[in-house]
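K.L.:
please find the sequence and the predicted model below.
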Amino acid sequence: MATPAQDRKLRDPAINPGDEPYFDAAAQGKLLVKKCNDCGEYHHYPRPFCPFCFSEKVEWVEAKGTGEIYTYSVTRRGGPVPYCIGYVTLDEGPKMMTNIVDCDLDSVKVGQKVKVVFKKTENGFSVPMFTPQ
């Protein structure tokens with residue numbers, strides 16, 4: 001039996017100082033990640049230094065918005081509708097905790113190719129989520 005993804009009420013994200021460019025870009029349909037200008041590594045979640053070499057020479061760059069599902073779990077209890085939470089490995093390399101949306105939740109698979117979509121929170125913030133390609 002299929003379990004179609006359903007829209008659900010989303011809470012606003014907690015915005016840390018320095019995260020504003022990330023959410024401004026999301027409002028324009030763009031996914032940003034941080035890239036280190038010293039070692040060249042991409043990272044997510046956003047932070048003011050590189051977690052690989054500890055350099056402070058990091059910048060926001062636009063990600064392709066594609067990747068593949070690393071792991072996931074479909075939650076069928078604890079809320080008004082079932083939903084899928086998981087980690088997506090972005091094509092740039094970092095893993096991102098997210099929701100898998102707009103699909104049959106029973107068809108989600110590890111290794112499945114996904115692309116970013118943006119969903120609105122209760123107060124209008126855009127948050128990145130992923131859907132199968």
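P.N.:
Structure's in. What do you need?

K.L.:
pLDDT on whichever strand in the chain runs longest, on average?
P.N.:
The longest strand of the chain (DSSP state E) is strand 66-75. Averaged over strand 66-75, pLDDT sits at 97.

K.L.:
what about it, distance to the chain center?
P.N.:
10 Å (CA atoms, centre = their mean, to the nearest Å).

K.L.:
what about Ala2, how many residues close to it?
P.N.:
For Ala2, the count of nearby residues is 8 (other CB atoms under 10 Å). Where C-beta positions appear, they are placed from N, C-alpha and C, glycine not excepted.

K.L.:
list the contacts for the nearest residue to it once chain neighbours are set aside?
P.N.:
Distance criterion CB to CB, 6 or more residues apart in numbering; nearest residue to Ala2, sequence neighbours excluded, is Asp104 at 4.7 Å. By CB atoms under 8 Å, 6 or more residues apart in numbering, the contact set of Asp104 is 2-5.

K.L.:
quick revisit: which residues touch the longest strand of the chain?
P.N.:
Against strand 66-75 from outside (CB under 8 Å, 6+ apart): 3, 82-91, 95-96, 100, 105-106, 108-116, 130, 133.

K.L.:
just the CA trace of it, in CSV.
P.N.:
Presented in CSV, the C-alpha positions along strand 66-75 are these (Å, rounded to 0.1, in the frame of the first residue of the first chain):
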residue,chain,number,x,y,z
THR,A,66,21.1,17.5,-6.5
GLY,A,67,22.4,14.5,-4.6
GLU,A,68,21.4,11.0,-3.4
ILE,A,69,19.8,9.6,-0.3
TYR,A,70,22.3,8.4,2.2
THR,A,71,19.8,7.2,4.8
TYR,A,72,16.2,7.9,5.8
SER,A,73,13.3,7.0,8.1
VAL,A,74,9.6,7.3,7.5
THR,A,75,7.8,8.5,10.6
